[in-house]
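Student: From the sequence below, what's the structure:
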Amino acid sequence: MLLPRLLPLLLLLLSPPPASPARIELGFCSVSDPANTYFGASQPPSQRERYERISYDPATSRLRLEWRPDPMLCGRRPTTYVVDVTSSSWVINKLIGVFGHFPQDTCVESSGGSANDAVLCNDGERCSACTSAWADGCEGELKVSEFLVSRAMIKAGSWLAVSFQLAARGALEGAEGAEGAEGGGEEEYWCFHFRPEAKKGKGDGVPPMTVIDSKGAEAEGAAEL
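Tutor: As a prediction, this is how the structure comes out:
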């Protein structure tokens, strides 16, 4: 039956909150890391969307990302832009399932398009990564993207001690990708990892970019990268 599996999620959402707010850490990760163990405040140099400032808007529960394209993107058009969301818990998977099944290629409408719907770009409209090639000199253009990090997800991540990861990768038209074959490889665009805030004196000691709490406030303020 489905109800027993959903019971922990229902208890989480209906139970009274603890005295202190739920808090999660946000850091960069890397899907190109074979062990997929990297977590930190420094973005891996191989990622092609270079982030400069990250902040959380308590009014909309959206993470605001300011970034510039890597110079190697300029003059090239993405042919695939695959967004993936993974979690260490089925509870988080239930919460993020509102955006559909992952991974999703946002260049293909038939893939569901839910990842596109979850992300807003500079003009507040639905994003599309594959409509045209990047302009020459695109590295000088500041971009702004936003995506939802709901308070329910923050609470589940903190109180149930689970983590989740969002990442994007894809191929470029006429580009030599990571596999070294002309037009056949993939580039890593970005990777973000959310995990419960470590208790004082515990954890791996690696500082995050920022900390977000369930009250909608940034515990550490905006991250200038």
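Student: Now do the helices in this structure.
Tutor: Secondary structure of the chain by DSSP state H: the helices cover 2-14, 90-96, 114-118, 151-159.
Student: per-stretch mean pLDDT over the ones you listed, give me the minimum one.
Tutor: Of all those, mean pLDDT reaches its minimum on helix 2-14 (a mean of 44).
Student: Can you give me the neighbour number for Asp33?
Tutor: For Asp33, the count of nearby residues is 13 (other C-beta atoms under 10 Å). Where you see a C-beta, it was placed from the backbone N, CA and C, and this is true even at glycine.
Student: Could you find the closest non-adjacent residue to it?
Tutor: For Asp33, ignoring the flanking residues on the chain, the nearest one in space by C-beta to C-beta, 6 or more residues apart in numbering is Pro44 at 7.8 Å.
Student: Surely that neighbour and Tyr38 touch.
Tutor: Yes: between Pro44 and Tyr38 a contact is recorded at 6.8 Å, counting by C-beta atoms under 8 Å.
Student: tell me, what's touching these two both at once?
Tutor: Common contacts of Pro44 and Tyr38 (C-beta atoms under 8 Å, 6 or more residues apart in numbering): Phe28, Ser30.
Student: sorry, back to before: show me the contacts for the residue nearest to Asp33.
Tutor: Contacts for Pro44 (C-beta under 8 Å, 6+ apart) come out as Phe28, Ser30, Ser32, Asp33, Tyr38, Glu188, Cys191.
Student: could you flag which of the residues you listed are buried?
Tutor: Among the contacts of Pro44, those buried by neighbour count (16 or more other C-beta atoms under 10 Å) are Phe28, Ser30, Ser32, Tyr38, Glu188, Cys191.
Student: lowest confidence element among the helices and strands of the protein?
Tutor: Within the chain, no helix or strand scores below helix 2-14, which has a mean of 44 by mean pLDDT, DSSP states H and E.
Student: now Glu173: how far from Val31?
Tutor: Per C-beta to C-beta, to the nearest Å, Glu173 is found 21 Å from Val31.
Student: Of those two, which one has the most company?
Tutor: Val31 (20 against 12).
Student: tell me the contacts of the residue nearest to the more buried one when sequence neighbours are not counted?
Tutor: Among residues not flanking Val31 along the chain, Ala167 sits closest, at 4.8 Å (C-beta to C-beta, 6+ apart). Ala167 is in contact with Cys29, Val31, Val83, Asp84, Thr86, Glu188, Trp190, Cys191, Phe192, counting by C-beta under 8 Å, 6+ apart.
Student: All set, thanks.
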